[in-house]
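K.L.:
sequence unavailable; structure follows:
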C-alpha cells in the first residue's frame, strides 16, 4: 500500500525522472536516505517499472507521427509479425489489443512518403491484412497516471 508521500514521489519522478535524491527529499520533506529508501521500495515492489529518456521524434527528423491499427492476415502468426516490427525503425510502440484490429502501433516517420512506405511493408512483407492510420495532429502533454 502506498501513502501520500509515495504518491508525491511518484508524481515528481513521472515529471522528472532525473531528479536527484536530495531534491526529491526536499520536495517531500524527508531526509535523502528516507526518500531514497521509499523510492527503492516503489521500484522493488514493481510500482515503478522503468525510468527512461523520452526522445523527441521531431528532433530526430521524424515529425510525422501516427497510430496505425493493424489486422493480421489469418495465416500470419502474431509472433512473426512482432519480430518484423522490431526491425522497423519507425515503430515507437506496439500493443496487442482487443476489438476489430489485432494491434495498434505508434509510429514516427520522416515524411508522408516514409509513412506510406511503412504501410506497404506492413502489408506486403510483415503479414498485415489491413491497416487504418490516424495521423497525430497535436499531443496532449503533461498527463501522467495519478498515483
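P.N.:
Arrived safely. Just so you know, these numbers come straight off a predicted model, no measurement behind them.

K.L.:
how's this structure carved up into domains?
P.N.:
Under the assignment named as automatic domain parsing, the residue ranges that make up the domains of the chain are 4-44, 64-135.

K.L.:
how far does the shortest one sit from the chain's center?
P.N.:
Which is domain 4-44. 22 Å (C-alpha atoms, centre = their mean, to the nearest Å).

K.L.:
turn the domains of the chain into JSON lines, columns for mean pLDDT.
P.N.:
Rendered in JSON lines, the data for the domains of the chain read as follows (pLDDT from 0 to 100):
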{"stretch": "domain 4-44", "mean pLDDT": "94"}
{"stretch": "domain 64-135", "mean pLDDT": "97"}
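
K.L.:
so what's the residue count around residue 37?
P.N.:
The number of residues packed around residue 37, counting by other C-beta atoms under 10 Å, is 13. C-beta coordinates here come from the backbone N, C-alpha and C atoms, glycine included.

K.L.:
I meant residue 124, not that one.
P.N.:
What residue 124 shows, counting by other C-beta under 10 Å, is a neighbour count of 9.

K.L.:
which residues of this structure fall in strands?
P.N.:
Secondary structure of the chain, counting by DSSP state E: strands at 64-72, 91-96, 103-109, 128-135.

K.L.:
quick check: which of those is nearest to residue 34?
P.N.:
When the strands of the chain are compared for distance to residue 34 using C-beta to C-beta, the nearest one is strand 91-96, at 35.2 Å.

K.L.:
so what touches that closest one?
P.N.:
Around strand 91-96, the neighbours that count as contacts under C-beta atoms under 8 Å, 6 or more residues apart in numbering are 57, 65, 78, 82, 85, 102, 103, 104, 105, 106, 107, 108.
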